[in-house]
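Colleague: Pasting the sequence and the predicted coordinates here, then a few questions.
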Amino acid sequence: MAFVAPALATVGTSTAMTVASTALSAMSAMAQLSAGEKAKEAYEQRARNEQLRGRVEAVNAKKKGVEVLKRTNASLASIIAGAGRQGLTLRSGTVRDREVFLVRRPASEDFSDTAFNASMSLMTADMRASDLRGAGEQARLQGQIGAFSTLAGAFTNAMSIGSPGLSQAGNVPY
């Protein structure tokens, strides 16, 4: 009977350590969940910033398109004003050729380029934002998997050590 007291003290210490270990593992799992959520929020913020950056780029491209139109109007006005000084009628082929080949065609190409750049800025920003949101979901999932893994390891350790109310073959006296 003298050996029972030290055995009970060992079982008590083992149980307290198992409970403490399991509690610390639970706290670690909660921290992993929280870290995953924080990472997801950070990725969401980066995605919003990326979309905003794309909108700014699109607005800048549209401003360039407006500048193209202003330069086109100024060039056309110059051609029209110069035609009278050169003794040409506005309907003559030379004035029309200058208008079409020197001003309108290049201006049209420049304007369509700026419109294309604006739409590409928006689409590129949306793709980047989508990638960032996907990375956020992966970070959240990683936190959940880490938390589950930590808890599973803690419960496995508790079962291998032994816990109150559980009997294992090595702990049962004969």
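Modeller: Sure thing, it's come through. Values in this document were obtained by computation on a predicted structure and should not be read as measured data.

Colleague: Which residue lies nearest the spatial centre of the protein?
Modeller: Among the residues of the chain, the one closest to the centroid is residue 132, at 1.7 Å (CA atoms, centre = their mean).

Colleague: any idea of the mean pLDDT in the lengthiest helix in the chain?
Modeller: Longest helix in the chain by number of residues (criterion: DSSP state H): helix 4-85. Per-residue confidence for helix 4-85 averages out to 82 on the pLDDT scale.

Colleague: How far away from the center of its chain is it?
Modeller: Helix 4-85 has its average C-alpha position 5 Å from the chain's average C-alpha position, going by CA atoms, centre = their mean, to the nearest Å.

Colleague: in which helix or strand would I find residue 108?
Modeller: In this assignment (DSSP states H and E), residue 108 forms part of helix 105-161.

Colleague: pLDDT averaged over stretch 146-165 - what is it?
Modeller: Across stretch 146-165, the average pLDDT comes to 80.

Colleague: Which positions within it qualify as buried?
Modeller: Neighbour-count burial for stretch 146-165, counted by 16 or more other CB atoms under 10 Å, picks out 146-147, 150-151, 154, 158, 161-162. Any C-beta I mention is one placed from the backbone N, CA and C, and that applies to glycine too.

Colleague: Same check on stretch 127-140?
Modeller: Residues of stretch 127-140 classed as buried under the neighbour-count rule (16+ other CB under 10 Å) are 128-129, 132-133, 135-136, 139-140.

Colleague: Please produce TSV containing those, extended by distance to residue 41 and pLDDT.
Modeller: Compiled in TSV, the buried residues of stretch 127-140 are given as follows (distance: CB to CB, whole Å; pLDDT from 0 to 100):
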residue	distance to residue 41	pLDDT
128	17	96
129	14	96
132	12	95
133	11	96
135	12	95
136	8	95
139	9	95
140	9	95
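
Colleague: Of these, which is the nearest to residue 52?
Modeller: Set against residue 52, the nearest of these by CB to CB is residue 129 (9.5 Å).

Colleague: In contact with that closest one: list those residues for me.
Modeller: Contact partners of residue 129, counting by CB atoms under 8 Å, 6 or more residues apart in numbering, are 47-48, 50-51, 54.

Colleague: can you check residue 41 too?
Modeller: By CB under 8 Å, 6+ apart, the residues touching residue 41 are residue 136.
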